[in-house]
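1. I'd like to go over a predicted model; first the sequence, then the structure.
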Amino acid sequence: MPPSARPDPSLAQAVLAACRAAGVCIATAESCTGGLVAAALTDVAGSSDVVLGGVISYSNAAKVNLLGVQADTLDAHGAVSEPVAQQMARGASDRLGAEIAISTTGIAGPGGSEHKPEGRVCFGVTTPKGTTSETVEFGPLGREAVRARSVEHALTLLLTAVETL
């Protein structure tokens with residue numbers, strides 16, 4: 001991602017500071033963002049005390065094998081869905097031992113379909129209080145812009161999750 005497309009580093013710094021204050025660690029499970037959320041966090045020096053790791057699960061097989069996403073959930077809802085995003089986040093939390101985990105799965109583009117258009121991204125967040133999810137329609141902004149906005153949104157979701165513990 002070019003420097004101009006990177007999220008504001010102060011957002012990642014705020015996430016890390018909030019995690020330190022709350023005494024929690026975080027993990028990522030990324031599909032459409034391909035590790036960019038973890039990269040934004042680990043671009044900050046000293047992040048290793050809070051960031052345990054991340055899983056890039058671009059294929060359905062990786063989602064199943066690395067994160068424990070249920071094959072029947074993928075069959076019923078498809079990879080770009082809130083149920084899959086929830087299972088990805090829970091899988092990252094369980095496998096990496098993090099109290100907080102974020103997941104991204106979507107269609108960055110180009111392409112998409114009538115039922116799953118370009119720019120649709122599903123996010124999952126796991127905390128000790130449970131797992132939530134949401135879908136954001138960024139629209140057909142182009143691959144780089146969808147991914148950049150997804151990273152920023154994921155960091156915002158992480159910050160909110162930690163601040164509401």
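-> Here it is on my side, so go on. Numbers count the residues shown, from 1 in each chain.

2. residue boundaries of the helices in the protein?
-> Ranges of helices in the chain, per DSSP state H, are 9-22, 36-42, 60-67, 71-77, 82-96, 143-163.

3. tell me the contacts of the nearest residue to V51 once chain neighbours are set aside?
-> Leaving aside its chain neighbours, V51 sits nearest to L41 (5.0 Å; criterion: C-beta to C-beta, 6 or more residues apart in numbering). From N, CA and C alone the C-beta is placed, and that goes for glycine too. Residues near L41 by C-beta atoms under 8 Å, 6 or more residues apart in numbering: A12, V15, L16, I26, T28, S47, V50, V51, L155.

4. do V69 as well
-> Counting by C-beta under 8 Å, 6+ apart, V69 makes contact with S57, N60, K63, V84, Q87, M88, G91.

5. avg pLDDT for stretch 11-27?
-> Confidence over stretch 11-27 (mean pLDDT, whole number) is 98.

6. Show me the residue sitting in the middle of the chain in space.
-> Nearest residue to the geometric centre of the chain (C-alpha atoms, centre = their mean): S103, 2.9 Å.

7. For that one, give me the pLDDT.
-> So, for S103, pLDDT stands at 98.

8. do the one 5 residues further on as well
-> A108 carries a pLDDT value of 95.

9. Make sure L52 is actually in contact with I26.
-> Yes - at 6.9 Å, L52 counts as touching I26 under the criterion of C-beta atoms under 8 Å.

10. which neighbours do the two share?
-> A98.

11. And the two? Which one has more around it.
-> The residue with more neighbours, out of L52 and I26, is I26; 30 against 19, by other C-beta atoms under 10 Å.

12. Hmm, the more buried one is touching S103, no?
-> No - using C-beta under 8 Å, I26 is not in contact with S103, being 11.6 Å away.
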